[in-house]
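> Quick one: sequence plus predicted model below, questions after.
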Amino acid sequence: MARRDQRHDLGGLPRLTDESQRLADTYIAYEAGKSDDDFWAWDRMMTLAMDEPELAWALLLHVVARAPDEQLSAIGAGLLETLLSQHGTTYGARAVEQGRRDPRFRECLSAVWLQPGDVPADVAERFAELTRGGVRIF
């Protein structure tokens, strides 16, 4: 008998497989305690941010929705920054729109540091407006 693909839903967020949900939960646990046992999740999330950005984006939205408030800056300076530095032309405008809708995502975005060219200039300006200068572009 085929295994049923169980998925998790957090009201309007992309649905995750059980495996992806475990990855997101373990990433949050790693950010909370930096346990060596959970480092694999941090490493996998960074790899996804570079190599599989659509999956990384879906996971990021779940992480932001579920992580404790005190982890949001670290998530922004880590996972979100990596995603935007690698795929800013594709995900920059999406990040602006998500930040407008979600104050938790906006908090993550305010911890991002980018280099010129990581995102289009108009997106960089919208980041600066949205975060009141929190996003830094060096």
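Sure thing, it's come through. Residues are numbered from 1 along each chain as shown.

> following the lengthiest helix in the chain, which helix or strand comes up?
Secondary structure of the chain per DSSP state H: the longest helix is helix 81-101. Where DSSP states H and E defines the elements, the next helix or strand beyond helix 81-101 is helix 103-109.

> elements contacting the one helix or strand Trp40 maps to?
Assigned by DSSP H and E, Trp40 belongs to helix 39-51. Helices and strands touching helix 39-51, by 3 or more Cβ pairs under 8 Å, 6 or more residues apart in numbering; DSSP states H and E, are helix 18-33, helix 53-66, helix 81-101. Any C-beta I mention is one placed from the backbone N, CA and C, and that applies to glycine too.

> Pull the contacting residues for the spatially most central residue of the chain.
With distances taken as Cα atoms, centre = their mean, Leu60 lies nearest the centre of the chain, 3.3 Å away. Contacts for Leu60 (Cβ atoms under 8 Å, 6 or more residues apart in numbering) come out as Ala49, Ile75, Leu79, Leu80, Leu83.
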